[in-house]
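S.K.: need a 3D model of the sequence below.
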Amino acid sequence: MNGQNPGKFDALKIDDTVEDGAHKGQVIALFAVFLIGLMSILGLATDVGYAMAAKRAAQGAADAGALNGARMIARYMDAAPTSALPEVTLTMGQNKFGAITPTILTCQYIGSGWNVVGTCNQNVPSSAAGTRIQTKVTFDTFFMQIFPGAPSTISATGYAKARVERAMTYPTNAPVMICGADAWDVTANPATTDVSGAINRTILSGSAISQTAIGKTFRIVDPALHEAGDADCGSFDDRFTGVADTNNNAGKGVGSRFKYLTSGNIQTTTAKLSGPDGCVNGAAAPFDCVMVAPIASRDESTSTQGLQIVAFAAFHVSSVDGVRFNATLLDDYITSGKGQASWCRGCGGIVVVRLIW
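M.R.: Below you'll find the model as predicted:
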């Protein structure tokens, strides 16, 4: 047609079709190779990312376990011996990695010098000041296991240490104060107003909290404190009733003289106590919360400058009748803040629990 060779035209057409099919085959082959490479990269990224998340989970479980183990040390009481392991194990269940519960590789008690003094399945040793814990999280890989020789599981570990320390600073938020020499013990009858049968108990042993006084309930505010033995600490003119003058005591510490009010209503707290059941700033009677209250020594002088403070301790304060108030002495009370490595079991007082790196 028009001088063209029909056979030659048909041959060219067939050759073009074959070449186009070859190109398509190459594209498919290249796409398959590219897809395999892409899936491998995505799979590796997924497994690596999962491993990093598992590492964070294992470390978080170790941190929480060490802190809870140290808290158990702070709460330990000779009358009810306990180990830290149940609390640490419970912590693992509360810090799961998806459906995976971290396992405890090691859980040990450490002393103030970082030396190991026991394992967490034992009752807390008297020399224990903290815990150190190693945890492990193991999970199945998603994509790596399809490659020959690649692991089918990956493990991540965490490690942490925590220690109980004596608090360096804490808010002196209490509008009350108590005599540490002859406090009026009303544990047997918290509502009593009978001062003639008052039982007096020493709260302090030197500068430490007396173990025999922990858990006891004392009359901390009462107009008749001076009649209840020496529960007024021999105050000037027997006018101490347990009400602290918070306006004049702000910023003072152990060794200072704290002033007290001889008339007027009990004031409100002056700071928030960051601890279990701690009173908030501005808490007013009947309170029913925990305060850090100053403990005074006996003062037989004629000073009008207040009472000498020798220690602080945590008390749960509650109202008896709006005029009288009771305070239950707590053992080591855990709060937030800075600490120093001078804590000892049985010393009592305000403590902090913190991670040590």
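S.K.: and the pLDDT at residue 89?
M.R.: With respect to pLDDT, residue 89 scores 94.
S.K.: who is residue 131 paired with across the strands?
M.R.: residue 109, residue 162 (DSSP bridges).
S.K.: wait, residue 135 sits on residue 65?
M.R.: Yes - here residue 135 reaches residue 65: they are 6.6 Å apart, a contact under C-beta atoms under 8 Å. All C-beta atoms are positioned from the backbone trio N, CA, C, and that covers glycine.
S.K.: where exactly do the strands run in the stretch 101-250 of the chain?
M.R.: 103-110, 116-119, 130-140, 153-167, 178-179, 183-185, 199-201, 204-205, 208-209, 217-221 (DSSP state E, counting those that start in this stretch).
S.K.: residues contacting the second one, please?
M.R.: Meaning strand 116-119. By C-beta atoms under 8 Å, 6 or more residues apart in numbering, the residues outside strand 116-119 that reach it are 107-111, 124-125, 127-128, 132.
S.K.: one step back: what's the overlap in contacts for residue 135 and residue 65?
M.R.: Going by C-beta under 8 Å, 6+ apart, residues that sit against residue 135 and also against residue 65 are 92, 104.
S.K.: looking at those two, which one has more neighbours?
M.R.: residue 65 (32 against 29; other C-beta atoms under 10 Å).
S.K.: which one (most neighbours) among the contacts of strand 116-119?
M.R.: residue 128 (27 neighbours).
S.K.: nearest residue to it other than its sequence neighbours?
M.R.: Excluding its sequence neighbours, the residue lying closest to residue 128 (C-beta to C-beta, 6 or more residues apart in numbering) is residue 109, at 4.0 Å.
S.K.: in this structure that neighbour contacts residue 84, no?
M.R.: Yes - applying C-beta under 8 Å as the test, residue 109 and residue 84 come out as touching, 7.2 Å apart.
S.K.: what residues are shared contacts of those two?
M.R.: Counting by C-beta under 8 Å, 6+ apart, the shared contacts of residue 109 and residue 84 are 73, 120, 124, 131.
S.K.: just the buried residues out of these, in ChimeraX syntax.
M.R.: Of the shared contacts of residue 109 and residue 84, the buried ones can be selected in ChimeraX as follows, counting by 16 or more other C-beta atoms under 10 Å:
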select :73,120,124,131
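S.K.: quick revisit: pLDDT and distance to residue 91 added to the contacts of strand 116-119, as TSV?
M.R.: Listed next are these as TSV, based on pLDDT from 0 to 100; distance: C-beta to C-beta, whole Å:
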residue	pLDDT	distance to residue 91
107	96	10
108	96	15
109	96	16
110	94	17
111	91	22
124	94	16
125	93	20
127	91	23
128	94	17
132	96	14
